[in-house]
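1. Can you look at this prediction? I've put the sequence above it.
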Amino acid sequence: MKLPDESYWDRSVYQKNSEDNIPKIKHTVDDLEFKFDKIMVCGRGSDSHPDFHPRFSTTSTDIDSDLYVLVDHSALSLRWIKRGGNYALSTIVHPSVVEKIEALGGKIFWFSPEYFDCDLPKIITGKYPRGNSGLATISLAAYFGVKNILLSGISFSEKMYDQFLEGKDMVFSNLKNDGVRLFSLDGVLAEKIGFEEWRK
């Protein structure tokens with residue numbers, strides 16, 4: 001997978017998508033309720049993830065989840081929208097993504113990146129302008145009050161993803177300040193834990 005060039009991060013696209021999406025908003029992430037002490041967050045860095053619920057995932061992970069999260073502003077992200085269910089979307093997503101989710105019978109809950117001045121819940125997705133759906137998924141779990149998060153398949157080790165490392169540091173430090181504990185199945189981004197131990 002090749003790295004996007006700088007034009008991919010054109011901030012005017014974010015603004016245009018948001019201007020198109022905001023008038024259509026019916027529900028925000030504040031309309032969701034997740035009363036759990038722990039949750040698994042899944043990213044695309046693995047082809048298999050343990051069967052644990054509740055779990056949130058990026059749309060590209062392509063697994064059944066309790067919440068799908070997307071912050072990508074490109075219409076290319078359409079290819080990952082394959083299920084109904086609950087979706088948490090940043091206002092910057094391409095409007096065609098919204099149409100596809102609704103056509104599949106999905107329900108959309110919106111949030112805003114912290115850099116937009118609008119009356120929506122603000123979720124940190126990384127370092128502006130390079131928001132990352134995996135980081136947004138982790139931030140959302142903490143936003144809902146989850147205190148123990150297990151990471152599965154979220155990895156920033158490949159060149160394509162190392163551009164998000166500064167954003168990772170920002171998100172992880174916020175979680176630490178809020179008393180959220182992060183665990184990981186592979187031990188790369190957080191304290192390693194075995195799946196059976198996590199289930200207890």
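-> Yep, it's here. Residues are numbered from 1 along each chain as shown.
2. can you list contacts of the longest helix along the chain?
-> The residue-count maximum for a helix in the chain (DSSP state H) belongs to helix 165-177. Helix 165-177 has contacts (Cβ atoms under 8 Å, 6 or more residues apart in numbering) with 124-127, 130-132, 135, 138-139, 142, 149, 156, 182, 189-190. For every residue, glycine as well, the C-beta is placed using N, CA and C.
3. now stretch 132-141
-> 29, 34, 39, 41-44, 56-60, 67, 69-72, 88, 90, 111, 123-126, 149, 151, 154, 161, 164, 167-168, 171, 174-175, 182.
4. can you do 7 Å?
-> Applying Cβ atoms under 7 Å, 6 or more residues apart in numbering, the external contacts of stretch 132-141 come out as 29, 39, 41, 43, 56-59, 69-72, 88, 90, 123-126, 149, 154, 164, 167-168, 171.
5. wait, is Ile63 part of a helix?
-> No: counting by DSSP: H, G, I helix; E, B strand; the rest coil, one finds Ile63 to be coil, located in no helix.
6. residue at max distance from the center of the protein?
-> Lys200 (25.6 Å; Cα atoms, centre = their mean).
7. pull the longest strand from this structure.
-> strand 107-113 (DSSP state E).
8. could you dump it to PDB, C-alpha only?
-> Output of strand 107-113 as PDB, limited to C-alpha atoms (Å, rounded to 0.1, in the frame of the first residue of the first chain):
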ATOM      1  CA  LYS A 107     -27.500   4.100  11.800                       C
ATOM      2  CA  ILE A 108     -25.100   7.000  12.000                       C
ATOM      3  CA  PHE A 109     -23.900   8.800  15.200                       C
ATOM      4  CA  TRP A 110     -21.800  11.900  14.500                       C
ATOM      5  CA  PHE A 111     -18.800  13.600  16.200                       C
ATOM      6  CA  SER A 112     -16.500  16.400  15.200                       C
ATOM      7  CA  PRO A 113     -12.800  16.600  15.100                       C
END
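9. Settle this for me: His53 is touching Asp64, isn't it.
-> No: counting by Cβ atoms under 7 Å, His53 does not reach Asp64; the two are 8.8 Å apart.
10. quick one: the strands in this structure?
-> Under DSSP E, the chain gives strands at 38-42, 55-58, 67-70, 86-90, 107-113, 122-123, 126-127, 130-131, 148-152, 181-184, 191-192.
11. So what's the residue count around Glu166?
-> 12 (other Cβ atoms under 10 Å).
12. ok, now how distant is it from Lys127?
-> 5 Å (Cβ to Cβ, to the nearest Å).
13. Next: Lys26.
-> The value you get for Lys26 to Lys127, if Cβ to Cβ is used, is 30 Å.
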